[in-house]
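Participant: pasting the sequence and the predicted coordinates here, then a few questions.
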Amino acid sequence: MIRADQEGALALYIHWPFCVAKCPYCDFNSHVRNTVDQDAWRTALLTDLAHEAALLPGRKLTSIFFGGGTPSLMPPATVAALIEAAGQHWTFADDIEITLEANPNSIETARFGDIAAAGVNRVSLGLQALDDETLHFLGRAHDSTEGLRGLETAQRHFARVSFDLIYARPGQSAAAWESELTLALGYGTEHLSLYQLTIEPGTQFAARFAKGDLPTLDSDSAADLFEQTRAQMREAGLPAYEVSNHARPGAESRHNLTYWRYGDYAGVGPGAHGRRAGVATARHKKPENWIARVDAHGHGIQIEDVLSAAERAREALLMGLRLNAGIDLAAIAARTGQPIDRLVNGAAVDKLSGHGLVARDGTALRVTEAGMLLLDAILAEIVTAD
């Protein structure tokens, strides 16, 4: 939920759809392109951005996030132009966070100096693993040496660096994961995103899993690794602030906190989603369709839905309860007009509280450390807004 000191704040998400190599996480590489007309794309992104800005006047921008396919291969001049345009449309917060996602290969990291000069002050690096065998299994183009070299390059150029790792991999032991995390922590990074391996529909992993070529870790072992992860990160001074995200106090991702606190964010570029004052937006996903829409209408919007009070309340609950800090039911009720007794199932909250899985103090509600392991099941049981 938005706190009182965040009223009027806004985040900006800019989606760069293009990938440059086959990736097991894409929907069978539908966004791989051999050539891109950079001038046309810069113009279209600036036009799409101007459309959102006209509908969100007078806001203070707290973060910009360049995400998507391989945004680190976006020309630095385009990155700089988008940041400059955002500053013309809105007021920047004094401590604005400007993040760009990147892969840790030498081609992309060679551009970090120019990207930093363009105005980016934080990078989110897709390391994913620190050993070559696992990187091969995950289908990554970089090896561990290149990945760690990329991390060191990022730390030289950016004040803030985050990277991700994937665990609960087939056959992974607690000792092996502890050693990998210890190595990761040794680089002194302020933020780590640690995700359990999941099988997403429409990916190469899903196809391999369906054919029986991809064994997964059993649920008990995965649960043990989850608990081990949170304990080790807490001891290292990077406690979990969200289910999968860990940071030193004050180093949390401000952009992602906007999502989890259900703040407004403008989404620009192919496939980008946004939440604009109770309106859900989605851009055309296919790059060619998006740019044709921008050329014809001045924006790339495909879907623009006014959310009901109940829908907004439900989204705020589902997002906010991912945070260790939890939510304030009274604040959500005030913002959405939904009474508290329609937001959550009180009897279910009481039952789960008795088991130590959730904690309620007046109108404050959070999922406990023990409950985070069962978050999806808990949300399904207690969230009643619909």
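Facilitator: That came through fine.
Participant: OK, contacts around Arg275?
Facilitator: With contacts defined as C-beta atoms under 8 Å, 6 or more residues apart in numbering, Arg275 is in contact with Tyr262, Gly263, Asp264, Tyr265, Thr281, Glu315. In short, each C-beta sits where N, CA and C put it, glycine included.
Participant: phi, psi for the fourth one please.
Facilitator: This means Tyr265. When read as degrees, to the nearest 10, the backbone of Tyr265 gives phi -150, psi 140.
Participant: that one touches Ala9, doesn't it?
Facilitator: No - with contact defined as C-beta atoms under 8 Å, Tyr265 does not count as touching Ala9 (9.6 Å).
Participant: mutual contacts of those two, please.
Facilitator: What both Tyr265 and Ala9 touch, as defined by C-beta under 8 Å, 6+ apart, is the set Thr258.
Participant: among those two, which residue is more densely surrounded?
Facilitator: For Tyr265 versus Ala9, neighbours defined as other C-beta atoms under 10 Å are more numerous around Tyr265 (24 against 20).
Participant: any idea of the mean pLDDT for the strand ranked longest in the chain?
Facilitator: Taking DSSP state E as the criterion, the chain has its longest strand at strand 91-102. Averaging pLDDT along strand 91-102 gives 97.
Participant: C-terminal to the lowest-mean-pLDDT helix or strand in the chain, what's the next element?
Facilitator: Of all regular secondary-structure elements in the chain, judged by mean pLDDT, DSSP states H and E, the least confident is helix 204-210 with a mean of 64. As assigned by DSSP states H and E, the chain's next helix or strand after helix 204-210 is helix 219-235.
Participant: that following helix - contacts with which helices or strands?
Facilitator: Identification of packing neighbours for helix 219-235 by 3 or more C-beta pairs under 8 Å, 6 or more residues apart in numbering; DSSP states H and E yields helix 174-185, strand 191-196, helix 369-372.
Participant: compare these and report which one is nearest to Ile83.
Facilitator: strand 191-196 (21.1 Å; C-beta to C-beta).
Participant: packing partners for that closest one?
Facilitator: Under the contact definition 3+ C-beta pairs under 8 Å, 6+ apart, strand 191-196 sits against strand 160-167, helix 174-185, helix 219-235, strand 245-247.
Participant: dump the first one to PDB, restricted to CA.
Facilitator: Read that as strand 160-167. Extracted C-alpha coordinates of strand 160-167, given in PDB (Å, rounded to 0.1, in the frame of the first residue of the first chain):
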ATOM      1  CA  ARG A 160      24.000   0.300  -6.400                       C
ATOM      2  CA  VAL A 161      24.100  -3.300  -7.700                       C
ATOM      3  CA  SER A 162      21.700  -6.200  -7.300                       C
ATOM      4  CA  PHE A 163      22.000  -9.700  -8.800                       C
ATOM      5  CA  ASP A 164      19.800 -12.800  -8.800                       C
ATOM      6  CA  LEU A 165      20.500 -16.400  -8.200                       C
ATOM      7  CA  ILE A 166      18.200 -19.400  -8.800                       C
ATOM      8  CA  TYR A 167      18.200 -22.300  -6.200                       C
END
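Participant: tell me how far it lies from the chain's centre.
Facilitator: Centre-to-centre, strand 160-167 and its host chain are 12 Å apart (C-alpha atoms, centre = their mean, to the nearest Å).
Participant: who touches it?
Facilitator: 97, 99, 104, 121-130, 138, 151, 154-155, 177, 180-181, 184, 189-197, 225, 229, 251, 253.
Participant: quick one: buried ones out of those?
Facilitator: When those are checked for burial by 16 or more other C-beta atoms under 10 Å, the buried set is 97, 99, 104, 121-130, 138, 151, 154-155, 177, 180-181, 184, 189-194, 196-197, 225, 229, 251, 253.
Participant: is Ser63 part of a helix or strand, or is it coil?
Facilitator: At Ser63 the chain is in strand, as set by DSSP: H, G, I helix; E, B strand; the rest coil.
Participant: how many other residues sit next to the closest residue to it other than its chain neighbours?
Facilitator: In space, and not counting its chain neighbours, Ser63 is closest to His255: 3.8 Å by C-beta to C-beta, 6 or more residues apart in numbering. For His255, the tally of surrounding residues (other C-beta under 10 Å) stands at 22.
Participant: which helix or strand contains His255?
Facilitator: If you go by DSSP H and E, His255 is part of helix 254-260.
Participant: can you list contacts of that helix?
Facilitator: Contact partners of helix 254-260, identified using C-beta under 8 Å, 6+ apart, comprise 9, 11, 13, 62-65, 97, 99, 242, 245, 264-265, 319-320, 322-323.
Participant: would a markdown table of the contacts of Arg275 with distance to Ala116 and secondary structure be doable?
Facilitator: Output for the contacts of Arg275, formatted as a markdown table (distance: C-beta to C-beta, whole Å; DSSP: H, G, I helix; E, B strand; the rest coil):
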| residue | distance to Ala116 | secondary structure |
| --- | --- | --- |
| Tyr262 | 31 | coil |
| Gly263 | 26 | coil |
| Asp264 | 27 | coil |
| Tyr265 | 23 | strand |
| Thr281 | 30 | strand |
| Glu315 | 34 | helix |
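Participant: tell me the one of those residues nearest Pro76?
Facilitator: Nearest to Pro76 among those, counting by C-beta to C-beta, is Tyr265 at 23.7 Å.
Participant: who's in contact with that closest one?
Facilitator: Contacts of Tyr265 by C-beta under 8 Å, 6+ apart are Leu10, Ala11, Leu12, Tyr13, His255, Thr258, Tyr259, Gly274, Arg275.
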